[in-house]
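Q: Fold the stuff below for me.
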Amino acid sequence: MILLNLTTFLGRLHPLIVHLPIGFLLLAILFNFMSYWPKYKTLKVAIPFTLMAGFVAAILACLLGLLLSYTGQYNHQLLNAHKRAGISVAVLSGILYLLGTERFTQFISPKIYSGALVVLFFLIAYSGHQGGTLTHGNEYLSIKTLLQQERVKPLKAEEAYLFEDVIQPILNEKCSQCHQASKLKGSLSVESLADLKKGGKHGPAVVAGSLNESELYKRISLNPDNKEFMPTDGKTPLTKTETEIIKWWIEKGQAIENKKISELKNNKEITPLIASLLGLNNDSNAIVMSGIEQKINPDIPLTTDRVQIESLRKKGFVIRIMLQKPMMLDVTLPAQSSIKLTECQTELQAIAKNVIWLNVSDNNLTDKQVDFLKDLSNIEKLRLEKNPITDEVCKNLVGLKHLEAVNLNETLITEKGTKVLAVNPAIKRIYTWQTAVKSL
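A: Below is the predicted model of the structure:
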């Protein structure tokens, strides 16, 4: 429904708007205390206006925050504390605005007024802390976080604890923002193995030995276009390596904790992946999974020109490093961008051999504009959908010996083009929805 989408959209403006009242009110507090010095006494006249601006912004932030509270499954205790503190900030700032005007200033002494502003300061700090806790978790800003010691990085993959050193950091980075005690989307927390086994409203996130029953693996291994794919909302997905490690941990590692890699059966299957992820003793290009030796493409350069990566990012490209060594890149040109590929040829050429995934969908690109595709010799997944490209583009793809999947949905491709692609034995999936292609 349009109304529901509008409510969700407006609610998500809360983190943006909430900084306005904080800025205005802190400025008013600063003006008040600076006005005690003769040199800055003229600032006193600006305090009521600044408080009024903070009051209006605080009311708006409260309204948007209320809408946001309907869209996420937040911890009710923390949410209510944040609500009460936010409303208190708005009310007190409004009262202090009135008391600071000429009509009411006679009813309160300057010292009591300053004391009330100090109370307002602590209310702002408390409300902000509760908001940060809702978003980032209970330990985001705590004494425990301050005093905790960082885990010592193992020197060898065999010395790493599979859950504590590998699985948990992956989940913390990719999943915990939406699945932790203060924000339980789907009633699921990933903060501990016990939470994972308990699961959420869709069942256990992890069931030892069973991938089919493990909701975590099912969600992260879906096609990114699937509405149930996790993580959602455009957040960075797990890499292929991370997904494979979680798969092995559930299926063959029996979803255990407090165990080193060296203590697990058949650990030779997972050790190269762990080494690759942690950047440890990764001298071999071989990865063994499920008894099948898989080779990391030896043609991928170990490094690339990071200056060119940063240049492309500044121009608007989204570039994610999938693996450090060899350097594997996931490159995205945001949909309907105004970026001209003809002005990016130097940078693209410099990183061409490192591009493993490329998404240039919905950018009104022509065959000539994507002529550089033939240079992406190590690409595995390519998204070209929603561009007015024709069968000509297939000539640039037929020689890409590592290309496994290409999305040509809503393009001008025909069966003639797909026959050209069929010459490339590496291509396993071709998507041609809403094209002239009737069947593959």
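
Q: mind listing what Trp357 touches?
A: When contacts are counted by CB atoms under 8 Å, 6 or more residues apart in numbering, Trp357 touches 322, 329-331, 379-382. C-beta: built from backbone N, CA, C; applies to glycine.

Q: Name the nearest of these relative to Pro231.
A: Top of the list for closeness to Pro231, among the contacts of Trp357 and by CB to CB, is Asp330 at 14.6 Å.

Q: what about that closest one, is that helix, strand or coil?
A: Three-state secondary structure (criterion: DSSP: H, G, I helix; E, B strand; the rest coil) places Asp330 in strand.

Q: That one contacts Ile356, doesn't it?
A: Yes: using CB atoms under 8 Å, Asp330 and Ile356 qualify as a contacting pair, with a distance of 6.6 Å.

Q: so what sits against both of those two?
A: Shared contacts of Asp330 and Ile356, counting by CB under 8 Å, 6+ apart, come down to Met322.

Q: between these two, which one's more packed in?
A: Ile356 (22 against 19; other CB atoms under 10 Å).

Q: Just confirm that one is within a strand.
A: Yes: assessed with three-state DSSP, Ile356 lies in a strand.

Q: give the contact list for it.
A: Residues counted as contacts of Ile356 (CB under 8 Å, 6+ apart) are 300, 322, 328-330, 378-381.

Q: so which of the residues you listed comes closest to Leu120?
A: For the contacts of Ile356, the minimum distance to Leu120 (CB to CB) is 46.2 Å, reached by Asp330.

Q: Just list whatever residues bridge to the closest one.
A: Beta-bridge pairing of Asp330 under DSSP bridges involves Arg320, Trp357.

Q: and the gap between it and His82?
A: Note on Asp330: its distance to His82, by CB to CB, to the nearest Å, is 36 Å.

Q: just Asn32 next, same as before
A: The span separating Asn32 from His82 equals 26 Å under the rule CB to CB.

Q: got a list of contacts for stretch 387-397?
A: Stretch 387-397 is contacted by residues 360-367, 370-371, 373-374, 382, 384, 403, 406, 408, 411-414, 416-418, 420-421, 424, 427 when judged by CB under 8 Å, 6+ apart.

Q: Now with 7 Å, please.
A: Residues lying outside stretch 387-397 but in contact with it, judged by CB atoms under 7 Å, 6 or more residues apart in numbering, are 361, 363-367, 370-371, 373-374, 384, 403, 406, 411-414, 416-417, 420-421, 424.

Q: So which bits of it are buried?
A: 387, 389, 391-394, 396-397 (16 or more other CB atoms under 10 Å).

Q: ok, now stretch 45-62?
A: For stretch 45-62, a neighbour-count test (16+ other CB under 10 Å) marks 47-48, 50-62 as buried.

Q: and which of these is nearest to Val89?
A: Ala58 (5.6 Å).

Q: who does the helix or strand hosting that closest one touch, helix- and strand-wise?
A: Assignment of secondary structure by DSSP states H and E places Ala58 within helix 47-69. Taking 3 or more CB pairs under 7 Å, 6 or more residues apart in numbering; DSSP states H and E as contact, the helices and strands that helix 47-69 lies on are helix 2-11, helix 14-17, helix 19-34, helix 76-99.

Q: Also compute the angle for the lengthiest helix in the chain relative to helix 76-99, please.
A: For the chain, the helix that runs over the most residues, judged by DSSP state H, is helix 110-136. In terms of direction (axes from the mean of the first three to the mean of the last three CA atoms, to 10 degrees), helix 110-136 departs from helix 76-99 by 150 degrees.

Q: out of the contacts of stretch 387-397, which are inside helices?
A: Among the contacts of stretch 387-397, the members falling in helices (DSSP H) are 416-417, 420-421.

Q: Could you identify which of the residues you listed has the most neighbours?
A: Gly417 (26 neighbours).

Q: How about that residue: what's its closest non-neighbour residue?
A: On the basis of CB to CB, 6 or more residues apart in numbering, the spatially nearest residue to Gly417 that is not a chain neighbour turns out to be Asp391, at 3.4 Å.

Q: I'd like the distance between the one you found and Lys381.
A: Taking CB to CB as the measure, Asp391 falls 21 Å from Lys381.

Q: Same check on Gly199?
A: As it turns out, when the distance is counted by CB to CB, Gly199 lies 30 Å from Lys381.

Q: of all the buried residues of stretch 45-62, which two lie farthest apart?
A: In those, the most distant members under the criterion CB to CB are Ile47 and Cys62, with 22.0 Å between them.

Q: Just the helices from the stretch 251-400 of the chain, written as ranges.
A: Here the stretch 251-400 of the chain has its helices, by DSSP state H, counting those that start in this stretch, at 271-278, 306-315, 345-351, 394-397.

Q: between those, which one is nearest to Pro15?
A: Each of the helices of the stretch 251-400 of the chain was checked against Pro15 via CB to CB, and the shortest separation belongs to helix 306-315, namely 23.2 Å.

Q: Quick check, pLDDT for the residue nearest to Thr432 when sequence neighbours are not counted.
A: With sequence-adjacent residues excluded and distances taken as CB to CB, 6+ apart, Thr432 is closest to Leu408, at 5.3 Å. Looking at Leu408, its pLDDT stands at 94.

Q: how many neighbours does His202 have?
A: Using other CB under 10 Å, the number of residues around His202 comes to 13.

Q: again with the one 10 residues further on
A: Neighbouring residues of Asn212 were enumerated by other CB under 10 Å; the total is 7.

Q: What score does it have for pLDDT?
A: The predicted local confidence for Asn212 comes out at a pLDDT of 88.

Q: For it, give its distance to Thr232.
A: Between Asn212 and Thr232 the distance is 22 Å, computed by CB to CB.

Q: how about the nearest residue to Ile29 once chain neighbours are set aside, what does it touch?
A: What sits nearest to Ile29 in space, not counting adjacent residues and going by CB to CB, 6+ apart, is Leu117, at 4.9 Å. By CB under 7 Å, 6+ apart, the contact list for Leu117 reads 29, 32, 96.
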